[in-house]
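S.K.: Pasting a predicted model and its sequence here:
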Amino acid sequence: MVRIVLVSLLMCTACLAVEVRPTDRIVPLIQDGDGWHTSITLVNLENTPARFELLMHTRIAQPWVLPVTGVATPTNDGYVRGTLPANGSISIRTNGPGSTAERGYAFLFSPDGATIGITASVQQAATGTSLAIPQSPEREDRFRLPFDNTGGANTSLLWLSETPYAIANYTAVASDGTILLIGRYQFSAQDADTQDLFSLAERFPELKDCKGTIIFDIAYPNATIYDDLFFSAFAIQSFPQGGSVAIPSMSDATWRSNRY
């Protein structure tokens, strides 16, 4: 249910140990407007200055020209550009004036090939709500996400892909190993949403009042040598007593794309 993020997030915190890999360069959720904004901090993990380019996209994969503060170079055609000092950092805050909450995502590039870490959070100042967003790889071919829809809890899933006709094969497994659901979803070049955010229990009634893990196996059957292979996902766990937390994808090192 999209309103979990757009309207009714409660205050949460998340503590994660992060190893930044070369393709960990996706901010999978940016939200702005109607009192919402997104704060993004870039950290230079190199001992020399590093240029960066942050490309903002709407949920339908269009460049998102979004006003930001924190960098001298303004957004231009969806890009936010700047230079990080050696071992330095910079914080960027979106400042869209819209009365409607809009969402999208961002790609991080370094023309210098530098390793740059990202932290991000979606916030609404008026209510004090906040959600920490995990830095994500641009491609992960096999991964798992835990979910819990029991006792009033609810898990939502955000996934996105710009690769035409990418396929997400998924198997939902209960805590005791029982298979609850097997299915597949194929992104289409004509789909309105490149980025999709939904409640698992609402999209898949088989997972209502259940707890377990979803196993994903991603395929790109129509991709050519010219297509970038791109798939990113994370979960949002909401608790019955209030509060939400972002859950990053989990994978064994042998499952990850050979592009690392």
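M.R.: Nice, thanks for sending it over.

S.K.: Ser156 reaches Ala235, doesn't it?
M.R.: Yes. Proximity of Ser156 to Ala235 meets the contact threshold set by Cβ atoms under 8 Å, at 6.8 Å. C-betas here are computed from N, CA, C, even on glycine.

S.K.: those strands in the stretch 101-250 of the chain, which residues are they?
M.R.: Remark: strands assigned in the stretch 101-250 of the chain by DSSP state E, counting those that start in this stretch are 102-109, 116-124, 129-133, 142-148, 154-160, 167-174, 179-186, 195-199, 211-219, 232-238, 244-248.

S.K.: Mind checking the pLDDT average for the second one?
M.R.: Across strand 116-124, the average pLDDT comes to 92.

S.K.: in its sheet, what does that strand sit against?
M.R.: strand 36-44 (antiparallel), strand 129-133 (antiparallel) (DSSP bridges).

S.K.: Give me the contacts around it.
M.R.: Here strand 116-124 makes contact (Cβ atoms under 8 Å, 6 or more residues apart in numbering) with 5, 9, 18, 20, 24-25, 27, 29-31, 35-45, 50, 52, 84, 108, 110, 129-133, 135.

S.K.: cool, the fourth one as well?
M.R.: Contacts to strand 142-148, defined as Cβ under 8 Å, 6+ apart, come from residues 155, 157, 172, 200, 207, 210-218, 233-235, 237, 247, 249-251, 255-256.

S.K.: let's see 7 Å
M.R.: Residues outside strand 142-148 that contact it (Cβ atoms under 7 Å, 6 or more residues apart in numbering) are 155, 200, 207, 211-217, 233, 235, 237, 247, 249-251, 255.

S.K.: How about that strand, which residues are buried there?
M.R.: Neighbour-count burial for strand 142-148 flags 142-143, 145, 147-148 (criterion: 16 or more other Cβ atoms under 10 Å).

S.K.: any chance of those in a markdown table, plus pLDDT and distance to Asp77?
M.R.: Shown next, in a markdown table, are the buried residues of strand 142-148 (pLDDT from 0 to 100; distance: Cβ to Cβ, whole Å):
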| residue | pLDDT | distance to Asp77 |
| --- | --- | --- |
| Arg142 | 91 | 34 |
| Phe143 | 93 | 32 |
| Leu145 | 96 | 33 |
| Phe147 | 97 | 37 |
| Asp148 | 97 | 41 |
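
S.K.: Reformat those residues as TSV; add distance to His57.
M.R.: Formatted as TSV, the buried residues of strand 142-148 follow (distance: Cβ to Cβ, whole Å):
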residue	distance to His57
Arg142	25
Phe143	22
Leu145	22
Phe147	26
Asp148	30
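
S.K.: So what sits opposite Ser130 in the bridge?
M.R.: Gln123.

S.K.: For Val68, give me its contacts.
M.R.: Val68 makes contacts with 75, 80, 92-95, as judged by Cβ under 7 Å, 6+ apart.

S.K.: Quick one: those residues as TSV, columns for pLDDT too.
M.R.: Shown next, in TSV, are the contacts of Val68 (pLDDT from 0 to 100):
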residue	pLDDT
Thr75	76
Val80	93
Ile92	94
Arg93	94
Thr94	93
Asn95	87
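
S.K.: Taking these, please make a PyMOL selection of just the buried ones.
M.R.: Buried residues within those, by 16+ other Cβ under 10 Å, are selected in PyMOL with:
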select buried, resi 75+80+92+93+94
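
S.K.: Just name the closest of the contacts of Val68 to Pro63, please.
M.R.: Comparing the contacts of Val68 against Pro63 with Cβ to Cβ places Thr75 closest, at 9.3 Å.
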